[in-house]
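>>> no sequence on hand, only this structure:
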């Protein structure tokens, strides 16, 4: 009888611990509509609107998720981008950091376009301004040799839930990209109007600049 009681107590404790662990698992989803899917200064939707969304799971700093968007690359057959990612993020003495990996997947173009990218990010929020830096390392495949890039960002909060974001990024050899955006939150909805551009080294025909409007939400 004593053994049965002890076993019952152990089962109850284990159930409680499992419930506590489960309660620390966060699950969220996001959706957005944008007038133009622009990634690092380059349109991914041929200057057309895109519908995007994803799901994220996190546990004690560990995170994983999937995200997708319609795309259009001209002659390429790919019409969908599906990203799968995982990593770890945390904060130490006010500094936030994020180390992770993203796999970019393009159905119907798996051998030509798919690639992976590792990243390391660091940030600090001074309340009146938030600063960030990131480095992206492209994983070479048999068909692609993605460029590495570094990025710096500044975000300034304004009254009435406005903010201004500025990003500058630079590839190893192909050029730089820029973003200047104004954000406004209405409850669970975020609205962004941004100017984006890229400066392609030695190829002015490849340069782009766009005004992009985006509405998104998360839940």
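On my side now, so go ahead. Note that the structure is a prediction, hence the values are computed from the model and not measured.
>>> contacts only, for residue 165.
Going by CB atoms under 8 Å, 6 or more residues apart in numbering, residue 165 touches 153-156, 179-183, 194. To be clear about C-beta, it is placed using only N, CA and C from the backbone, and glycine gets the same treatment.
>>> please indicate which of those are buried?
Buried by 16 or more other CB atoms under 10 Å: 153, 155, 179, 181, 183, 194, out of the contacts of residue 165.
>>> so what's the closest residue in space to the last one that isn't next to it in sequence bridging to?
Think residue 194. In space, and not counting its chain neighbours, residue 194 is closest to residue 181: 3.4 Å by CB to CB, 6 or more residues apart in numbering. For residue 181, the beta-bridge partners are residue 165, residue 194 (DSSP bridges).
>>> pretty sure residue 181 sits against residue 193.
Yes: in this structure, residue 181 is within contact of residue 193 by CB atoms under 8 Å, at 6.7 Å.
>>> any low-confidence regions in this structure?
Low-confidence segments of the chain (pLDDT under 70): 1-23.
>>> re the thing from before, contacting residues around the residue nearest to residue 194?
By CB under 8 Å, 6+ apart, the contact set of residue 181 is 164-166, 192-195.
>>> and if we set it to 6 Å?
By CB atoms under 6 Å, 6 or more residues apart in numbering, the residues touching residue 181 are 165, 192, 194.
>>> pull out the buried positions in stretch 129-138.
For stretch 129-138, burial by neighbour count (16+ other CB under 10 Å) applies to 130, 132, 134, 136, 138.
>>> so what's residue 213 bridging to?
Beta-bridge partners recorded for residue 213 (DSSP bridges): residue 193.
>>> how many residues are close by it?
Neighbours of residue 213 under the rule other CB atoms under 10 Å: 13.
>>> any idea how far it lies from residue 115?
According to CB to CB, to the nearest Å, residue 213 stands 29 Å off from residue 115.
>>> buried stuff in stretch 70-89?
70-71, 73, 78, 81, 84-85, 87.
>>> what's the offset of that stretch from the middle of its chain?
Centroid separation for stretch 70-89 versus its chain: 12 Å, with CA atoms, centre = their mean, to the nearest Å.
>>> and the helices in the chain, which stretches?
Counting by DSSP state H, one finds helices in the chain at the ranges 2-23.
>>> can you give me the strands in this protein?
For the chain, the strands defined by DSSP state E cover 25-34, 38-39, 42-43, 50-59, 62-70, 80-92, 95-105, 115-125, 130-139, 149-158, 162-171, 175-186, 189-200, 208-218.
>>> buried deepest among those, which one?
Comparing the strands of the chain by mean neighbour count (mean count of other CB atoms under 10 Å), strand 38-39 comes out on top with a mean of 20.
>>> before we move on, the earlier item: closest to residue 204 out of the contacts of residue 165?
residue 179 (20.0 Å; CB to CB).
>>> pull the contacting residues for that closest one.
When contacts are counted by CB under 6 Å, 6+ apart, residue 179 touches 167, 194, 196.
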